[in-house]
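Undergrad: predicted model, plus sequence, below.
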Amino acid sequence: MHSLRFQFIAFITALLLVLLILLNTYPLANSRDAVFEEKRSSLSGQAAVVASSLSGMDRLNEAGVAEILRFLDISGFTRIVVADGEGTVIYDDGGDPGGGTDIEDIRTALGGKTVFRSVFADAAFTSSIAMPLSSQGALTGAVYLSEYDAERAEILLSLQGRIRILSLIIGVVALVMALFFAFLLMKRIRSLVRSMHIVADGDYKYRHVVQGKDEISQLGQEFNQLTERLESTEEQRRRFVSDASHELKTPLASIRLLSDSIVQNENMDQETIREFVTDIGNEAQRLQRTTEKLLDLSRLDDDVQVIPEPVDVKQVALDAMVMLRPLAAERQVRIRCELEDGCVVMATVDDMFHIIFNLTENAVKYNVPDGSVLMKLQGDNDYVEFSVEDTGIGIPEEDRLNVFSRFYRVDKARSREAGGSGLGLSIVHDAVLAHGGSITVGPNKPQGSVFIVRLTISQKSSGNWSNRIWTRSSSPTKKTSATQRAFPLPTAM
């Protein structure tokens, strides 16, 4: 498995090789082709001049051809050959043309075709052209011109050498820069990886030092934000475990103390035993309530998929109020209701019951004697708004942001006395959010508190839903039709 540095260097090296190959081939190939075209144009023009001059001769002969060539002052060619129509060489300033390509090109020209050749080899351009001769429309022979150009080849080779040297310099400089950049890049990546290892080892307070504004810096910023969330989550987890342990330990300690007192005291009278057993039962109920709420929070945290159904919020509120009647009578608190009809939301009955019951139970528990609780329900075309307002102790301004935290209590002493675990509002908060709603804490007016829940109204709430809207029965798992079960709407208690 190759490291990222090796892959980066290999990629840069391959890219440099491709660029250098192109730099050393493409310009030279273009220059060579340009020379070829220039040679074609030059030789074609020279051959055309010779052919035009010789076309005026009735019969080609060596003396006449030599005289015309001297008059034309043709120079710079390594070979000039003129042949008659039968292929006999009339004039050859370079001697016998020999066999091979030259003879073949002359024969092709005697067939009426012009042949041009140009080759770059052995540090020189070797070019030749064979052109037919005609007089009064009749083919009378062919002229052959050959050129050897070493000067132009030397310029091209010199340019090629310079390009190679420049390519070598560019390649070395680019490779050094790539190595340096790879070193800096890998240094930053290693620093980020080291930060990840530190956080992975449990040091959530560690923060990566971010430098620059590039993608790696953005990655470092995202890492720091993730670490902050991890630190916050870890603190909440530790606090949750500590608070949960404390909440479970307190009733267990009371149960153990009371049971030990009964066991160790052989002469305890029946009335005292009955009192102790009653206290044990109360502590067991408190322990059961705490564990049930922890299970509810665990279900909400696990984001268990539930199938929402149309729920009549008014009927669920009436069910919750009936369940709270004994507690309200014990606390000398009146419950008033202002509940509109037709407020139907897509939710689950149990979650809706938890929301209404916990809010109203808190309003009753933390109220004052002869106080009151107002349950209010109203809806419009988009939202259903349910609020619980009480005349109790209220919530200080500095505690408003924390009331939905788990195990948080505004008045810890009174909360324990009332049997609260600090989990009810957390369950309400998570349940409301799970169904896409919102919950807010209103201001004290001038005392007491008000909680406002808003949920999206069911688009199917209109129409005949009487047999399909469910309400909570005495059993959490049993559902009863709203038309089958109803409670009268009391105005006060």
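TA: That came through fine. All figures in this text were calculated on a predicted structure; none of them were measured in a lab.

Undergrad: next, the residue nearest to residue 68 when sequence neighbours are not counted: secondary structure please.
TA: Nearest residue to residue 68, sequence neighbours excluded (C-beta to C-beta, 6 or more residues apart in numbering): residue 53, at 5.1 Å. C-beta here means a position set from N, CA and C on the backbone, and glycine is covered the same way. Here residue 53 is helix, with the state taken from DSSP: H, G, I helix; E, B strand; the rest coil.

Undergrad: check contacts around residue 53.
TA: Counting by C-beta atoms under 8 Å, 6 or more residues apart in numbering, residue 53 touches 68, 71, 72.

Undergrad: between the residues you listed, which is nearest residue 383?
TA: The shortest gap between residue 383 and any of these belongs to residue 72, at 104.0 Å (C-beta to C-beta).

Undergrad: give me the nearest residue to the closest one, chain neighbours excluded.
TA: residue 53 (6.0 Å).

Undergrad: just the pLDDT for the one you found.
TA: On the pLDDT scale, residue 53 is placed at 85.

Undergrad: ok so, going back, adding distance to residue 9, write the contacts of residue 53 out as TSV.
TA: Putting these into TSV (distance: C-beta to C-beta, whole Å) gives the following:
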residue	distance to residue 9
68	68
71	69
72	63
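
Undergrad: gap between the residue nearest to residue 68 and residue 116?
TA: Here residue 53 is placed at a distance of 20 Å from residue 116 (C-beta to C-beta, to the nearest Å).

Undergrad: which outside residues touch stretch 354-363?
TA: Stretch 354-363 is contacted from outside by 296, 313, 316-317, 320-321, 323-324, 327, 335, 373, 375, 386, 388-390, 392, 420, 424-425, 427-428, 431-432, 449, 451, 453, using C-beta under 8 Å, 6+ apart.

Undergrad: which ones among these lie within helices?
TA: With DSSP state H as the criterion, helices contain 296, 313, 316-317, 320-321, 323-324, 327, 424-425, 427-428, 431-432 from among the contacts of stretch 354-363.

Undergrad: where is pLDDT lowest across these?
TA: Of all those, residue 296 carries the smallest pLDDT score, 63.

Undergrad: what segments of the stretch 151-300 of the chain are helices?
TA: 215-264, 270-301 (DSSP state H, counting those that start in this stretch).

Undergrad: pick out the shakiest of those helices, pLDDT-wise.
TA: Ranked by mean pLDDT, the helices of the stretch 151-300 of the chain bottom out at helix 270-301, which scores a mean of 74.

Undergrad: show me the contacts for residue 82.
TA: Residue 82 makes contact with 50, 54, 60, 65, 89-92, 133, 141-144 under the criterion C-beta under 8 Å, 6+ apart.

Undergrad: in contact with the residue of the chain most remote from its centre, which residues?
TA: Distance to the chain centre peaks in the chain at residue 63, reaching 88.5 Å (criterion: C-alpha atoms, centre = their mean). Residue 63 makes contact with no residue, according to C-beta under 8 Å, 6+ apart.

Undergrad: now residue 159: closest residue in space that isn't a chain neighbour?
TA: Residue 159 sits nearest to residue 31 (C-beta to C-beta, 6+ apart), 6.8 Å away.

Undergrad: help me confirm that the one you found is found in a helix?
TA: Yes. Per three-state DSSP, residue 31 lies within a helix segment.
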